[in-house]
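Trainee: just a sequence and a predicted model for now, questions to come.
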Amino acid sequence: MSDTSMSDQDDQLSLWIRDFRQAAILRFNGEALGLDQVRDAGMNRYTELVHGRDAAVGPGARDVLIPLLNDPDDSVRVIAAAYLLTGRPDIALPVLKDLEENCMTDAHTIAYLVFTNFYVGGAAAWKASDIQNIDKALAAAMSDVDLNNVMSQYYPSGKITSAFRPSQTLTGSPPKVVSQGDVENLVQQLFTAGTLKGFDFTSTVFNFLLPSETILNTDTSPTSGAIAAQPEKPAAVKQIPLEGEEDSTQGLGGYHGSIHASKGAADPIIYYAVGVYSETLPDGTVNGIPVFDQSWKNVLATFYHELNEARTDPDVEDAIRAGNDPSATKFLGWTSKQGEECGDFPVFEASPLSQVFQEVKLTNGSGTAPVQFQYSDNAHGPEGPRSTPAPFAGQLRAKGAGHAPGGGKRKRA
C-alpha cells in the first residue's frame, strides 16, 4: 500500500472519530437541554457510524473506539465504552464502572440493592398468606432478569442485583394515620435499638408496610400516636389531614425517602420506603391505588415502584430538604425535567392504570408477579419485561429539575 493510500485512510479514520465524538456530545447536550430532536440526531448519527464500520471492516471494527475511553469528555467515554462492552469487556467495563461511581452522576445510585420488609401494626393486623405472598413475589420481581433488563439501563455497567432479607412484623396496634414524620421517627428508633444492625446502609432500603385501613400522608411532623418499633417475637389517633395535605385517600400509594440517623460524629444515611394497603374501605373510600383483584398484589406493585425509584434516585429527600440551594441538584439521581422519577411518569400518563399495573410472567417460569411498569428511556415511556438489556440510557438527569421550588415535595405514587 502506498504512503498516499495510508494517508487517505488515516484521514478518513480521523474524520470518523471526529464525527463519533461530535455525535456523542450532541446526544448528551440534547438530553441535558431537553431537546429531543437534538438528542435523537446525535444517537442516530453515532449508531449509523458504528454500524457502517461494522459492515465495512468486520471483526475488530470497534477497536478504533479504544482511544476514546480516555477522552476528556465523559459523554464520549460512555458511548465508546458501551459499544466496546460486547467485544472488549475487559477494558470497557472498568470505564463504565468508573463513570457510574464518579462521573456520570453526582448522586448515589444503588446497583446492588438489599431490601427487607417491616409489617406495621402487629401480627393480628396481617393475614399470614398476605405476608408470605408479598415477601415471595416482591423478592422474585426485584431479581427477575427480564424486568431488570429495563432497569439496568440506568447503570453504565448494565449490571444490577437485588437481594431480599427476611421480613419482620412490628408489635403494637394498627395506626389510624401515619405521617412521614412517624415513619422517619420509626427508622431512627429501629436504628438506635440495633434492629437494623448488620445491614449496609449505603445499599439497603427498609420497607414499611401499613396494614388495612391505615391512612398515609406526607406530613413531615409526627402524629400524636407512635408506631411501635419493637419486632414481634417469632411464632393514639391523629385527626384526618387538612384538605390541602397529600394523603392515601387522594391517590397516594407510598413514597421513599431517607434520614440522617443520629449517631454522633458520623451520621449514616438510612433509606426507607412506606406504602399503604391499597383497598376500598368499608365506607367506600378508596385508600391507595387499588388496581388488582387482591390487596396484597396492590401492595407489591407499590413497593416494586418505590424500590426501583429508591435505587435510581435514593437521595432525593436531601434535595427536597435543600430547597432552592444550588447544591440541591447534586443529590439527584435519575429524574425528568419535571421531577418525575422512573415510577412516576407511567402512573401519571396511564389511562386506565391497568396499562402499567400488570401481572407478568417471571423469567424463570416459577409463576407471575403483579408489578408496575417503569419508565424506559429506550422506549420513551413505560416498558414491561424485555428479553435483552436495554441500552445504557446515558446522562438523562436534568439538573435543577428534581424537586419543587422552596423545598416542596416531589410527586409520589
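Mentor: Looks like it arrived, so ask away.
Trainee: for stretch 304-314, what is the average pLDDT?
Mentor: The pLDDT scores in stretch 304-314 average 96.
Trainee: shouldn't residue 251 be in contact with residue 289?
Mentor: Yes: counting by CB atoms under 8 Å, residue 251 touches residue 289, with 6.8 Å between them. The way it works is simple: take the backbone N, C-alpha and C, and place the C-beta from them, glycine included.
Trainee: which of these two has more neighbours?
Mentor: Shown here are residue 251 and residue 289; by other CB atoms under 10 Å, residue 289 has more neighbours (23 against 13).
Trainee: residue 167 sits in which helix or strand?
Mentor: strand 161-169 (DSSP states H and E).
Trainee: C-terminal to that strand, what's the next element?
Mentor: Next along the chain after strand 161-169, taking DSSP H and E as the criterion, comes strand 177-178.
Trainee: output the helix or strand following that following strand as CSV - backbone C-alpha positions only.
Mentor: Per DSSP H and E, the first helix or strand lying C-terminal to strand 177-178 is helix 180-193. Presented in CSV, the C-alpha positions along helix 180-193 are these (Å, rounded to 0.1, in the frame of the first residue of the first chain):
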residue,chain,number,x,y,z
GLN,A,180,-43.7,10.9,57.1
GLY,A,181,-42.6,12.2,60.4
ASP,A,182,-43.9,9.0,62.0
VAL,A,183,-42.0,6.8,59.6
GLU,A,184,-38.8,8.7,60.0
ASN,A,185,-39.1,8.6,63.8
LEU,A,186,-39.6,4.8,63.5
VAL,A,187,-36.5,4.4,61.3
GLN,A,188,-34.5,6.3,63.9
GLN,A,189,-35.9,4.2,66.8
LEU,A,190,-35.1,0.9,64.9
PHE,A,191,-31.5,2.2,64.3
THR,A,192,-31.0,3.3,67.9
ALA,A,193,-32.3,-0.1,69.2
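Trainee: tilt between the strand holding residue 167 and helix 180-193?
Mentor: Between strand 161-169 and helix 180-193, the angle comes out at 90 degrees (axes from the mean of the first three to the mean of the last three CA atoms, to 10 degrees).
Trainee: buried ones in strand 161-169?
Mentor: Buried residues in strand 161-169, counted by 16 or more other CB atoms under 10 Å: 162, 164, 167, 169.
Trainee: so where's this structure shaky on pLDDT?
Mentor: The chain contains residues with pLDDT under 70 at 1-8, 31-34, 99-107, 225-226, 228-245, 263-266, 326-327, 394-413.
Trainee: quick revisit: what does the strand holding residue 167 contact?
Mentor: Strand 161-169 is contacted from outside by 111-119, 122-123, 126, 131, 135, 138-139, 142-143, 148, 195, 199, 231-232, 307, using CB atoms under 8 Å, 6 or more residues apart in numbering.
Trainee: thanks a lot, catch you later.
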